[in-house]
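Participant: what would the 3D arrangement of this be:
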Amino acid sequence: MSTRHTIIDSPLGQLTLVADGGILKGIFFEGHWHMPPPEYFGTAVPPEDPVLARAAAELDEYFHGERTGFDFPYKASGNPFQEKVWARLDLIPFGETVSYGEIAAELGDPNLAQAVGSAVGRNPLSIVVPCHRVVGRDGSLTGYAGGLENKRFLLDLEEPAAVKESKLF
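Facilitator: Predicted coordinates for the structure are as follows:
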């Protein structure tokens with residue numbers, strides 16, 4: 001199998017899913033900030049492609065609150081620093097956040113926060129590699145390649161029930 005893509009509908013608008021062989025390698029929002037070149041996407045295929053259909057089904061379950069993680073095979077490819085940052089993103093638990101500075105400190109240099117932010121912004125597997133769980137030092141929402149409205153949606157979706165309930169009163 002070669003590189004291919006399909007477009008699915010989601011609560012966040014249309015998402016482009018990209019697979020190479022049996023692995024998902026990209027999820028992109030409409031208007032995504034850092035789109036790869038056209039050749040990255042390969043051939044357009046119907047959403048019934050087995051790899052893309054499985055990813056779409058799991059994403060749908062996630063959006064409906066039925067899933068907190070993903071089981072389909074995926075891999076984000078970038079330079080060594082980006083891959084190190086993306087591997088760290090994969091460790092952020094569902095419903096939790098960490099700051100760019102915290103990740104930089106964990107990587108050995110608190111001064112790398114901007115470099116961490118750049119790597120986070122170029123994460124090709126939005127949602128699955130949870131870059132939306134990275135926030136500013138004070139908890140503020142900062143840039144998101146899919147837009148701040150989508151970041152807020154994803155964080156609200158993952159917010160623990162007890163926190164949601166406490167906001168009612």
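
Participant: tell me how the chain divides into domains.
Facilitator: As given by automatic domain parsing, the domain ranges for the chain are 3-63, 80-165.

Participant: Phe72 is nearest to which of these?
Facilitator: Closest of the domains of the chain to Phe72 is domain 3-63, at 4.8 Å (criterion: CB to CB). Every C-beta, even on glycine, is put in place using the N, C-alpha and C of the backbone.

Participant: in this structure, what helix or strand scores lowest on average pLDDT?
Facilitator: Least confident helix or strand, the chain: helix 161-166 with a mean of 51, by mean pLDDT, DSSP states H and E.

Participant: picking that back up, nearest to Tyr74, of the domains of the chain?
Facilitator: Judging the domains of the chain by CB to CB, what sits closest to Tyr74 is domain 3-63, at 4.2 Å.

Participant: who's in contact with the residue nearest to the spatial centre of the chain?
Facilitator: Among the residues of the chain, the one closest to the centroid is Ser126, at 2.0 Å (CA atoms, centre = their mean). Applying CB atoms under 8 Å, 6 or more residues apart in numbering to Ser126 gives the contacts Ile27, Phe28, Phe29, His32, His132, Ala145, Gly146.
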